[in-house]
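Asks: next one to model:
(chains A and B)
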Amino acid sequence: MTLSFKASMVGPSRVGKTTLLTAVLAETESMLAGSGISLVLDETTEVRVRQNRKELRRAIESREFDAASLRGSQGKALYQVSLQAFGDSRPGIPFSILDYPGGWLDPAKRAQVPQAKESWAECERHITESLMLLVPVDAAVLMEAVTPAQRRAVADLLGLEDVEASARKWARARNRPEHRDEPAVLLLAPLKCEKYFDDNGGKGREAGRLRQLVREKYKTIVGAVQEEAKDRSVRVVYSPIDTYGCVDLMEAEWVEVDDDGDRTLDFRGHYRFREIPPEVRPKAAATVMRELCRCVVSGQDAAEQRRADAARGVYELALGRKLETKGFWGALDYYLFGEALANRSTRLSSQQIMADAARHQEELTAVLKRMAQRPADERVEEW
Amino acid sequence: MSDIKESLDAVLRRRREHLPVVDEQMERWTRIRQLARELRDATRSAGAAGPQGPAHAALDSLDTEAIERAVQDCLDVLAGVRSRVGRNTVNIGVSGRARNGKSTVLQSLSGLDDQQIPSGRGQPVTAVRSRIYHSATDRGALLTMHTERSFLREVIAPYHAELGLDPAPGDLSAFALYDYPPPADAAGKADQPRLAPMLARVREAQEALGTYRHCLTGEVRTVDLSDIREWVAYPEGGAAPPVKRPYLAVRDAAITCAFPIDEVTALGLVDMPGLGELVPEAEAHHLDGLRNDVDFVIVVKRPTDTNAMWAEEDARALQLIASVCTVADVRDFTMILVNTGMCLPENIRALEDDLTQRLNGNEEHRGYWVVLEDGADRDVVRDRVLRPVLEHLATALPRMDEAVIADAIAVCRERTDAIATELAAWTAVLRTLAVPTSAEQTINRAERLREEVAASLQAWVDTLKARAADDFDDTEFLERVAEVHDDVRSWALDGFGEGAEAWRERALNRLRVDRASLPFASTELNRVRVEMARRFAAVDDVLTQRREDYWAGLVDALGSKLALLVRDASHDADVVRPQGYLQALARVLHDAYDPCPVLAGTLDSALDVRLDYHTRVLPHLRRALGVLLPEPDDPAGADGPTTLLAVPRTAEGAELLLERITQLARQAAYDAQAVLAREPATAAQALFAYGEQFEDSFVRSEQSEVEFRRLVGQFQDRMWPSDGAGAQAVTVQVRRVRGLVAELRRLIDDVDPRHPAAEGSRR
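Replies: Residues are numbered from 1 along each chain as shown, chains lettered A, B, ... in the order given. Sure thing, here's the model as predicted:
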């Protein structure tokens, strides 16, 4: 059985995790064009993506866009995908992305939902084993908070405390010796950024302020990750994404709500279409896919290296056994009782594995090279 | 007539426009007069203080009364202008010697009769100067009564002066007991014909005191016109003693009634007691009336057997009119009405000839305006006297007003120059006076003052810092922004103020006319954008308030000692406001004998704080409103907005268009309020920065220490007023004189851009 690589999202509810995944998985062909690889969705994943797209289309056909009409995930969902390099007849490299209701991140809320209590341990395991941790950020919450009261509500609305706890666990796991040769990517992805950029049909010129606010608000989280992963490096990628590309934030409401006795502010965005008919045109979402693929390819490369190393060990052991001075009786036993044959077979199969792994690694290196040659979106930065 | 009415109304409107400027100038000159008086007192005090020395000689040489006189000239001339432009009516004075039919003419003009304006024969009958105003609706009289004091001063004292009697009695009891000589005692004196009737009059007043004494209350009483006669006219002969003389208690009478000319509304008639009446100081009253109360004078002259020539008294009356009418052509101001009623033709002709030859010198078009009509014929008086006069005034008044204002300006300028020259000379004299003081004390005081100011400025800057902190909630500002945003949003949701239904209907009509939706949509977006920018300007009041608060905080922080430097101007309405206070303080520091330019410049910078909507907010707001531009800057690059505005030319299309424009407006309004919501923090940070900068410059600049010493050295008398006694008295007094001279120079040099000169030249 081939082990599946993993990726996870960590973000509060209503931030747009499911929509982001849909945007990422629905357009894989165009996103990966020229990279030499393709993605194959398993049947359940394909149905799920199709259903999400249908909901998105429905939302777009109404007169005023209501992001809240898109149902978020109601329970744990694994999006199973395999990555296939062109010309490679072998089965693709499987990986899975975890989606779950954002509310589950909060231990207090989790305790109130039986399904969450049941599934959270598994979710957490998935998170800690992930090569990539995707942190979606509601850009509007960050950018539209202008009064002190609104700014005070931002941390809770973005679930920063819960995100930090999960990120810390993830980084700690990535730092374990067995995972140190695997990639580790923390991707900070502000979503619904249409209003703040002018490179996708919008008029915004606030990219700088968004970057600064994300840096400011997620500084602790990035710091925690680096602190936990002190024995290895973690790539931190900043990728502001236009989830829809055809809407503009029209108004935002900051509504006072009672959160278990705490008076706090909740954020509700109201969007309008920029054009008629609206055309969904995500921007920078391909970055998520590219980073995911790079992680998987690098992970696979590491796995191949481990396989080759293991095979080399076996081969060298067998060769050593063959070459050692055995004495007369020893040599007689070695040849007569079939050990020589088995040793040869072991050496041959080990050599085969090493050659396979080397070839595979060469192919993966070529894929990575091709991916690296494709220009990244101008919005994306590595921190 | 309606043209005349419009013209005269326009004249009155223009006059009222001058009023605020004239009031401002009068206030300024009143302040200058007060300072001039203080200067006089200060000079005298300095002269009396301490042992005699060079300072006393120098101070004695200053002629403060010359300045007071010049200031009073300006105030007098401005009072004349004020009286002219402050009136709500065009006033025509009716003058003339007694028994010439003046009251008859007034009756004809006003429509009143013998009951209200007695016009008897033989004896003069008008006892009180009255004004009569036209009103289509009101009818009645307002009588302003004398007080005991004003009665004695204005009625009785002039008789005493004319008759050469002892000073007038000080109270009514003394008047009642005063032993007046019998009229026969005037016999033998050179002017017996004039004095004897006067003596008779004052005795009558004394005898009748009991009949009007209770009326000397100073009150204003309303009297019905049917009862007015006894209040304004001498009693008819033959009345049984004691004769009632309530008219003696009346200081002024204002009668309101409907004139027989309907079309004119703002018209007043002033009955002017004429020459030859047996009332002392009649001429002085006459002059005052001419100067301030009337726009035109009708001089009534009745050619009787004994009065058919243009007599010396008549000529003198015209000269009087000419003397007060120095800035306008007296011919614009006067008409001679030859009252022909019941007169013999030969007498009329004789007077006419006399006027033509002796008064006008046969110059038909350049002479006085002479009209020959029967003053008792109301139709004739209305059509041939009043109407021509009003027609004349419609064109002449603007010219006369301009002349009066120009004269006032010239007088004020001339006096201003004279005062400025005088003050400059004084300044030079005062500079030469050495006023020694203890240097050590000055240094100590300056150091202590600087420390106190530094401490309180630091505390003030700390409050600014607290307000600039990220978590400072400027609730008031944010609530105001939310209020304005709600208002704009509601306006947008209500079909941009005209109701959704009406908007859709209008839109549909235009879509059909244009056969396109984009032209209408573009027009609407432009309209909405402009209106929204205008509506959001409503937050300016809070921004202005922030700046006021900043100045108020600074004023407090500067402390009480520095406040004493502007104490003299503290009654000034401007100085009561923090901004005015800081300006005044800056001026004091600039204008000091040894100026403190750094401290003054720092105050000037603090006054230059700009937080207003147009300077700070609008540039950002314009960007927020950019979503309402009908086309992007590069139409070829983005067609989004255009696709939103292209709708079918149907009712549904109109509804869609309203919905989309409303959405754009909501977004613009939301973005605009977000811009505004950031403003408190930005403004607070700006004010904090200004505050820190002020504190640094005022307390820690290189020159600060030196200028604090200089400041204390010059103004110790004001900041430590208890120093005014003892050995330092002369020094203190000289400093006080210097301060007053500097303040006066500042006021004199302070050329107001709204000076009447500018106003006058514009109109």
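Asks: which SS class is the residue in the stretch 51-200 of chain A positioned nearest to chain B?
Replies: For the stretch 51-200 of chain A and chain B, the shortest gap (C-beta to the nearest C-beta) falls at residue A:146, measuring 4.2 Å. Every residue, glycine included, has its C-beta placed from N, CA and C. The assignment at residue A:146 comes out as coil when based on DSSP: H, G, I helix; E, B strand; the rest coil.
Asks: can you tell me the closest non-neighbouring residue to it?
Replies: With C-beta to C-beta, 6 or more residues apart in numbering or on different chains as the criterion, residue A:146 has its nearest non-adjacent residue at 4.2 Å, and that residue is residue B:677.
Asks: hmm, back to that, tally of neighbours for the residue of the stretch 51-200 of chain A closest to chain B?
Replies: Per other C-beta atoms under 10 Å in any protein chain shown, the neighbour tally for residue A:146 reads 21.
Asks: list the contacts of it.
Replies: Going by C-beta atoms under 8 Å, 6 or more residues apart in numbering or on different chains, residue A:146 touches B:674, B:677-678.
Asks: that older thread, the residue nearest to residue A:146 contacts residue A:147, correct?
Replies: Yes. The pair residue B:677 and residue A:147 qualifies as a contact (C-beta atoms under 8 Å) at a distance of 5.6 Å.
Asks: overlap of the contact sets of the two?
Replies: With C-beta under 8 Å, 6+ apart as the test, residue B:677 and residue A:147 both reach residue B:478.
Asks: quick one on the thing from earlier: now do the helix or strand encompassing the residue nearest to residue A:146, average pLDDT.
Replies: Take DSSP states H and E as the rule and residue B:677 turns out to sit in helix B:651-695. For helix B:651-695, mean pLDDT is 90.
Asks: centre of the chain to the next helix or strand after it, how far?
Replies: Next helix or strand after helix B:651-695 toward the C-terminus (DSSP H and E): helix B:704-719. How far helix B:704-719 lies from its chain's middle: 38 Å, per C-alpha atoms, centre = their mean, to the nearest Å.
Asks: which strands or helices does whatever helix or strand comes next after helix B:704-719 pack on?
Replies: Counting by DSSP H and E, the next helix or strand C-terminal to helix B:704-719 is helix B:729-749. Applying 3 or more C-beta pairs under 8 Å, 6 or more residues apart in numbering or on different chains; DSSP states H and E, one finds that helix B:729-749 contacts helix B:2-48, helix B:54-60, helix B:387-432, helix B:578-591, helix B:704-719.
Asks: contact partners of the last one?
Replies: Same thing as helix B:704-719. Here helix B:704-719 has contacts from B:437, B:442-443, B:445-447, B:449-450, B:561-562, B:564-565, B:567, B:588-589, B:592-594, B:596-599, B:697-698, B:723-724, B:731-733, B:735-736, B:738-739, using C-beta under 8 Å, 6+ apart.
Asks: could you flag which of these are buried?
Replies: When neighbours are counted using 16 or more other C-beta atoms under 10 Å in any protein chain shown, those contain these buried positions: B:437, B:442, B:445-446, B:449-450, B:561-562, B:564-565, B:588-589, B:592, B:596, B:598-599, B:697-698, B:723-724, B:731-733, B:735-736, B:738-739.
Asks: residues contacting residue B:703?
Replies: Contacts of residue B:703 (C-beta under 8 Å, 6+ apart): B:597-598.
Asks: mind pulling up the pLDDT for it?
Replies: Confidence for residue B:703, expressed as pLDDT, is 89.
Asks: ditto for residue A:56
Replies: 78.
Asks: for chain A, what helix or strand is lowest in average pLDDT?
Replies: The helix or strand of chain A with the poorest confidence is helix A:28-32; it has a mean of 71 (mean pLDDT, DSSP states H and E).
Asks: following that one, which helix or strand comes up?
Replies: Assigned by DSSP H and E, the successor of helix A:28-32 is strand A:37-41.
Asks: chain B contacts on chain A?
Replies: With C-beta under 8 Å from any C-beta of the partner chain as the criterion, chain A comes near chain B at residues A:63-64, A:144, A:146-149, A:151-152, A:201, A:203, A:248-252, A:270, A:272-276.
Asks: right, and residue B:542 touches residue B:475 too?
Replies: No. Applying C-beta under 8 Å as the test, residue B:542 and residue B:475 come out as separate, 11.2 Å apart.
Asks: what about these two, which has more around it?
Replies: A side-by-side neighbour count of residue B:542 and residue B:475, using other C-beta under 10 Å, places residue B:542 first with 22 against 12.
Asks: re the thing from before, gap between the residue nearest to residue A:146 and residue A:150?
Replies: 8 Å (C-beta to C-beta, to the nearest Å).
Asks: residue ranges for the strands of chain A, please.
Replies: Along chain A, counting by DSSP state E, strands occupy A:5-9, A:37-41, A:77-85, A:93-99, A:132-138, A:185-191, A:235-238, A:247-259, A:262-273, A:381-382.
Asks: so what does the last one touch, helix or strand wise?
Replies: Right, the one you point to is strand A:381-382. strand A:235-238.
Asks: who are the packing partners of the strand it packs on?
Replies: Partner elements for strand A:235-238 (3+ C-beta pairs under 8 Å, 6+ apart): strand A:185-191, strand A:381-382.
Asks: next one: residue B:533 from chain A, what distance?
Replies: 18 Å (C-beta to the nearest C-beta, to the nearest Å).
Asks: isn't that residue up against residue B:625?
Replies: Yes. Using C-beta under 8 Å, residue B:533 is in contact with residue B:625, at 6.2 Å.
Asks: please say which of those two ends up with more neighbours.
Replies: Counted by other C-beta under 10 Å, residue B:533 and residue B:625 do not tie: residue B:625 has more neighbours, with 25 against 19.
Asks: need the contact list for that one.
Replies: Counting by C-beta under 8 Å, 6+ apart, the residues that residue B:625 touches are B:529, B:532-533, B:668, B:671-672.
Asks: same thing with residue A:175?
Replies: Counting by C-beta under 8 Å, 6+ apart, residue A:175 has contacts A:228-232.
Asks: just the helices in the stretch 101-250 of chain B please.
Replies: B:102-110, B:148-151, B:157-163, B:172-177, B:192-207, B:209-212, B:229-232 (DSSP state H, counting those that start in this stretch).
Asks: out of those helices, nearest to chain A?
Replies: helix B:148-151 (65.9 Å).
Asks: could I have the CA atoms of that closest one written out in PDB?
Replies: The C-alpha coordinates for helix B:148-151 follow below in PDB (Å, rounded to 0.1, in the frame of the first residue of the first chain):
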ATOM      1  CA  GLU B 148     -37.000 113.100  35.600                       C
ATOM      2  CA  ARG B 149     -33.400 113.500  34.800                       C
ATOM      3  CA  SER B 150     -33.700 113.600  31.000                       C
ATOM      4  CA  PHE B 151     -36.600 116.100  31.400                       C
END
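Asks: tell me how far stretch B:652-669 lies from the chain's centre.
Replies: With C-alpha atoms, centre = their mean, you get 52 Å for stretch B:652-669.
Asks: would you mark the buried spots in it?
Replies: For stretch B:652-669, by 16+ other C-beta under 10 Å, it's B:653-669.
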